[in-house]
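*Asks:* model this:
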Amino acid sequence: MSSYIHPTADVAENAVIGEGTKIWAYCQVREHAHLGKNCIVGRNAFIDAEVTIGDNCKIQNNALLYDGVELEDGVFVGPAVCFTNDKLPRAINSDGSLKGRSDWVLSKTLVKYGAAVGAQSVVVTGITLGRFCLVGSGSVVTKDVPDFALVMGVPARVVGYVCHCANRLEVNEINPADYTCPACSRQFRLVNGVMREI
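*Replies:* Predicted coordinates:
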């Protein structure tokens, strides 16, 4: 199964596009970006130079993934999500000259397996989003997000935990460290702030 690139998409010749990946209208994929297999990149998305995207990822319309971003397999990026890459943004240097690539420090952001970022969220650079975490729409994420955590707000804060299937976990009334998914019955335990499936 070959990849599909819409005729209006601008994909650099040296970008790597995995088998079965679909890149839709008016997207830009820059130099040395690497997209895995079976991904979907929605209309008008921007994938910057050197960005790495795993297999089976969905990147929705108007999403912005700048250099320094790495998505592991199975990540969902909602419409108009923005991943930043500069902690100290300025257009110019102290002398008034326009900043070039060597005038700032690129920061890295890692989004782990199965994580999802809701529509119009902003992910500030230099953080890690944990496995199967869920970022609520419109959030501003300024620090690391634990595995399975549900975060939302400005700035985003942990407000609960979610299952692989994205349903919110219910706490066990007898043992508050134990959680159950009401949809698929998976069992979890929170130990020292780390949620694990049991």
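
*Asks:* check residue 173 and give its pLDDT.
*Replies:* At residue 173, the model reports a pLDDT of 89.

*Asks:* now the phi/psi pair for it, please.
*Replies:* Main-chain dihedrals, residue 173, degrees, to the nearest 10: phi -70, psi -30.

*Asks:* and the gap between it and residue 179?
*Replies:* 11 Å (C-beta to C-beta, to the nearest Å). The way it works is simple: take the backbone N, C-alpha and C, and place the C-beta from them, glycine included.

*Asks:* so residue 90 sits against residue 99, correct?
*Replies:* Yes. Using C-beta atoms under 8 Å, residue 90 is in contact with residue 99, at 6.3 Å.

*Asks:* of these two, which one has the most company?
*Replies:* Between residue 90 and residue 99, counted using other C-beta atoms under 10 Å, residue 99 has the larger neighbour count: 13 against 10.

*Asks:* leaving out chain neighbours, which residue sits closest to that one?
*Replies:* residue 93 (5.7 Å; C-beta to C-beta, 6 or more residues apart in numbering).

*Asks:* can you name the residues that contact residue 195?
*Replies:* By C-beta atoms under 8 Å, 6 or more residues apart in numbering, the residues touching residue 195 are 146-149, 161, 179, 188-189.

*Asks:* so it: helix, strand or coil?
*Replies:* Here residue 195 takes the strand state, with states given by DSSP: H, G, I helix; E, B strand; the rest coil.

*Asks:* thank you, goodbye.
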